[in-house]
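> Just to be clear, the model below is a prediction. Sequence and coordinates:
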Amino acid sequence: MGLKRTNVYADEADLALIKETAARKGISESEIIREGIHRIALATRVWDEPFVTDEETFDLGGPITKEDIRNQGSQE
């Protein structure tokens, strides 16, 4: 992935946290900022098509009772 330079305004407290984290992890402040941008970009992404249509469902095998949980431990 190619990088492109940009300027942003950030709260001083956030910048201080970034500086501390970068020093603790031994990576650049820029890397922390790039990771944050990437994570929020993925978290707020809107897909063109729904992941699951109204006709599709997933069988997750529930509901699970307390006895199911207790018995699971004794089967191992």
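All right, it came through fine. Numbering: from 1, shown residues only.
> and the gap between Met60 and Asn7?
Let me fix one detail, which is that residue 60 is Leu and not Met. Per CB to CB, to the nearest Å, Leu60 is found 46 Å from Asn7. Just so you know, the C-beta spots here come from the backbone N, C-alpha and C atoms, and that holds for glycine as well.
> between the two, which one's more packed in?
Leu60 (7 against 4; other CB atoms under 10 Å).
> Now do the phi/psi pair for that one.
Dihedral pair for Leu60: phi -90, psi 0, per degrees, to the nearest 10.
> now the lowest-mean-pLDDT helix or strand in the chain, how far from the centre of its chain.
Confidence across the helices and strands of the chain bottoms out at helix 66-75, with a mean of 79, counting by mean pLDDT, DSSP states H and E. Computed by CA atoms, centre = their mean, to the nearest Å, the chain-centroid distance of helix 66-75 equals 31 Å.
> helix or strand right after the helix or strand encompassing Asp14?
In the assignment (DSSP states H and E), Asp14 maps to helix 12-25. With elements assigned by DSSP H and E, the helix or strand that comes after helix 12-25 is helix 29-43.
> Stretch 44-57: how far from the chain's middle?
The answer for stretch 44-57 is 19 Å, by CA atoms, centre = their mean.
> what's next to stretch 58-73, contact-wise?
Val52 (CB atoms under 8 Å, 6 or more residues apart in numbering).
> Convert it to CSV, retaining C-alpha atoms only.
What follows is stretch 58-73, C-alpha atoms only, in CSV (Å, rounded to 0.1, in the frame of the first residue of the first chain):
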residue,chain,number,x,y,z
PHE,A,58,-27.4,-19.0,10.9
ASP,A,59,-28.1,-21.9,13.2
LEU,A,60,-25.9,-21.2,16.2
GLY,A,61,-27.2,-24.3,18.0
GLY,A,62,-28.8,-22.5,20.9
PRO,A,63,-30.3,-22.0,23.3
ILE,A,64,-27.7,-23.3,25.8
THR,A,65,-28.8,-24.3,29.3
LYS,A,66,-26.9,-24.3,32.5
GLU,A,67,-26.9,-28.1,32.3
ASP,A,68,-25.3,-28.1,28.8
ILE,A,69,-22.5,-26.0,30.2
ARG,A,70,-22.0,-28.2,33.3
ASN,A,71,-22.1,-31.4,31.1
GLN,A,72,-19.5,-29.9,28.7
GLY,A,73,-16.9,-29.8,31.4
